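Chemist: With the sequence up front, the predicted model follows.
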Amino acid sequence: MAIIIPLYRFSFTILLLCSISRVQCQRLNLMLSLQSSAPQLEHLKYYQFIQFSNKPLDNIQAGQSIHIQFDAFNATFKLSLKTDSKVFINEANVDKESETGLFGQFDRFRLVSGTLQDDDHSYAYGYVDEMSSYHGVFYTNQTVYYVEWIGLYANQWSDEQQYFIYRDIDIGSQKSVINTNDGNNQQTASSTSTSSINQNNQITSLLMNDTTCLAHIDIDRTFLQHYHNNFAYVISDVAILVQRVNHLYRRTDFDQDGKADGIGIAIKNLTFGLSDELIGINLNSTTISTTVTTTSNILSKINNPVEFFNRLTVAKNYSDSCLALYLTGQKFDKDVLGMANSGFKANEGICTGYYVNQDHHVASSNVAVVSINDRNHVIPFATREIAIAHEIGHLFGSLHDTNGSSCSPNNHQGNYVMYEKLVDGSKRNNFHFSTCSRSEIKQNLILKIDQLRPCLTQAYYPLCGNGIIDEGEECDCGYQSTCKDPCCNSAYQYLTDIPSLSQVGYNYIPCRKNSQATCGNAVVPIEAIGISVTFGLPIILVIVLLIYKQVKHKFYMPIYGEAGVSRSSHSDCRQSNLS
């Protein structure tokens, strides 16, 4: 339920501001009038409408810099962004056909990422439309902010109420339950033998840098209806969701070697289900191909989540993709929001194809289903992305973090992504995998390594913390726990590690050279070879001296016994003593 701010609490403040500035008074009156007419949102305790005053952007080119500014929460946010469409494996614009009933145009170059000005520790992912309005996510000063389109939550809105903003702390508690179709939270991954596997192998080296899982995104008509058939917003919203989930996976250190493994997902193709049609998006073309099917229409009448999942996986063959993500607006029974195949099983999860399921039907085995409908209310963006990350986590081989385990702390930091009940995104742990999940996913990936190699692909994704010096980085020594390079600022592994604007040491920027260290031009720091600075220099000097003496002994020995012979005459002796 949204909090509507009582106007009388601000009567004195309004009078004071009006006496100072007419512009400030007008802006405040507008804000309060918008707030007083704001619809109540089920899963948010508070939010604010925002106005964008940026110049329209008719055309955007690859690599273009974009600056967005708006006011909210008594602050001015200045986003410094660049185009970023890496979430699509094939880069092309996606347009709609007029007969589909959808409206709006999606342009991949309007997908952006970046930071906030004057905050190198911040990040932002989003989409900028033709009017320079921004929707997406950004993080600054230990707070995650979400900017969304009000049309997803309301049937009517004005031009001044197009976009609203809320913080992670404004998200209300969820009571919905995430379940897999086979009750995998009662099972353990120990049923598969690991005796012949070297569990200490690094995942990235085993995968030979093929670390990207290509996803087929299927969007049904009930999902589109929640967006009022706004084609551009649907695709941009899904792209931002997938990019956020992708970043969560890529930054995770599954094999516990102190570096991000870089394992993630990218969008291979998109399909839209409209009535009895399945609209297929060809990402290499500006046209939309259409094939006729009744699957979407049949599924929209099924509220039992298990029946829905079984019907879907039998009807659709997703074996040409690493995984399939089916997004729906369907209201499932028992408050279920998601289902997925159990990736820890040999014949299910990422990179598996059609198989004979427990009902003796041939079905897809790499499918995750997520609904945005919780008891006829749309769940917030933060909860949507966690629901997607959770279900894909099952495909990668993770079980649930069961209540009462060490991986379900139930403290002020919250539970992790794979908790048995859906976490809402209001707590810091909600955007991280527990050690249990990381261990299970690592074990599953190693066990299925031969199956994964031909399925996964390479995709460039720069990431601070992966141990690779990517574009824009001065260095990369991994995460703080294992970084051995005193000349390089290590990456932050958790949001809680990132300092606030007021904390001392804020000049510390990850993957940049340490400005307070005296490192010179050395390529390999002393710590990197296991020698401390205190004792390392004397040892190195002794070694150099011994080498020098050995070389001198080898080449100049005939000279040592000859008094009065200058060192300039050693050339013949050196040549004659070479072996």
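Modeler: Yep, that arrived. Numbering: from 1, shown residues only.
Chemist: From what I see, residue 271 and residue 221 are in contact.
Modeler: No. With contact defined as Cβ atoms under 8 Å, residue 271 does not reach residue 221; the gap is 11.5 Å. Where you see a C-beta, it was placed from the backbone N, CA and C, and this is true even at glycine.
Chemist: Read off the pLDDT value for residue 65.
Modeler: Predicted confidence (pLDDT) for residue 65: 92.
Chemist: Could you verify that residue 268 is part of a helix?
Modeler: No. Counting by DSSP: H, G, I helix; E, B strand; the rest coil, residue 268 is not part of a helix but strand.
Chemist: how close does it get to residue 372?
Modeler: 22 Å (Cβ to Cβ, to the nearest Å).
Chemist: Name the residue in those two with the higher neighbour count.
Modeler: residue 372 (25 against 21; other Cβ atoms under 10 Å).
Chemist: for the stretch 151-300 of the chain, which spans come out with low pLDDT?
Modeler: For the stretch 151-300 of the chain, residues meeting the criterion pLDDT under 70 lie at 173-202, 204, 274-298.
Chemist: For the stretch 201-350 of the chain, just list every one of the helices.
Modeler: 203-207, 221-226, 231-250, 295-299, 305-315 (DSSP state H, counting those that start in this stretch).
Chemist: Return the most buried member of those.
Modeler: helix 231-250 (a mean of 23; mean count of other Cβ atoms under 10 Å).
Chemist: other SSEs contacting that helix?
Modeler: The contact analysis (3 or more Cβ pairs under 8 Å, 6 or more residues apart in numbering; DSSP states H and E) places helix 231-250 against strand 111-116, strand 119-128, strand 134-140, strand 212-219, strand 264-274, helix 381-396.
Chemist: and the angle for the shortest one with strand 134-140?
Modeler: The directions of strand 111-116 and strand 134-140 differ by 30 degrees, with axes from the mean of the first three to the mean of the last three Cα atoms, to 10 degrees as the criterion.
Chemist: could I have strand 111-116 exported to CSV, CA atoms only?
Modeler: Provided in CSV are the C-alpha atoms of strand 111-116 (Å, rounded to 0.1, in the frame of the first residue of the first chain):
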residue,chain,number,x,y,z
LEU,A,111,19.3,0.3,-23.8
VAL,A,112,21.9,2.0,-21.6
SER,A,113,24.3,1.4,-18.7
GLY,A,114,26.6,3.7,-16.7
THR,A,115,27.0,5.5,-13.4
LEU,A,116,25.9,8.5,-11.6
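Chemist: which other helices and strands contact that strand?
Modeler: strand 75-83, strand 119-128, strand 134-140, helix 231-250.
Chemist: One more: the longest one?
Modeler: Contacts of helix 381-396 with other secondary structure elements, assessed using 3+ Cβ pairs under 8 Å, 6+ apart, are made with strand 143-149, helix 231-250, strand 323-328, strand 338-340, strand 367-371, helix 435-447.
Chemist: Take the ones you listed and lay them out in a markdown table including distance to residue 208.
Modeler: Output for those, formatted as a markdown table (distance: least, Cβ to Cβ, whole Å):
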| stretch | distance to residue 208 |
| --- | --- |
| strand 143-149 | 35 |
| helix 231-250 | 17 |
| strand 323-328 | 20 |
| strand 338-340 | 27 |
| strand 367-371 | 26 |
| helix 435-447 | 13 |
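Chemist: Compare those and give me the one nearest residue 87.
Modeler: helix 231-250 (4.4 Å; Cβ to Cβ).
Chemist: Render the CA-only coordinates of the closest one in CSV, please.
Modeler: Extracted C-alpha coordinates of helix 231-250, given in CSV (Å, rounded to 0.1, in the frame of the first residue of the first chain):
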residue,chain,number,x,y,z
PHE,A,231,5.5,-3.2,-27.2
ALA,A,232,8.5,-0.9,-26.6
TYR,A,233,8.1,-1.0,-22.9
VAL,A,234,7.6,-4.8,-22.7
ILE,A,235,10.8,-5.5,-24.6
SER,A,236,12.9,-2.8,-22.9
ASP,A,237,11.6,-4.0,-19.5
VAL,A,238,12.4,-7.6,-20.2
ALA,A,239,15.8,-6.7,-21.6
ILE,A,240,16.6,-4.7,-18.4
LEU,A,241,15.4,-7.6,-16.3
VAL,A,242,17.6,-10.1,-18.1
GLN,A,243,20.6,-7.8,-18.0
ARG,A,244,20.2,-7.5,-14.2
VAL,A,245,19.9,-11.2,-13.8
ASN,A,246,22.9,-11.7,-16.2
HIS,A,247,25.0,-9.3,-14.0
LEU,A,248,24.0,-11.2,-10.9
TYR,A,249,25.3,-14.5,-12.4
ARG,A,250,28.4,-13.1,-14.0
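Chemist: What residues does residue 329 make contact with?
Modeler: With contact taken as Cβ atoms under 8 Å, 6 or more residues apart in numbering, residue 329 is in contact with 220, 222, 223, 224, 225, 226, 371, 372, 373, 378.
Chemist: who wins for proximity to residue 390 among the helices and strands packed on helix 381-396?
Modeler: Across these, closest to residue 390 is strand 338-340 (Cβ to Cβ), at 6.4 Å.
Chemist: Show me the contact partners of that closest one.
Modeler: Under Cβ under 8 Å, 6+ apart, the answer for strand 338-340 is 178-181, 305-306, 308-309, 367-371, 387, 390-392, 394-395, 422.
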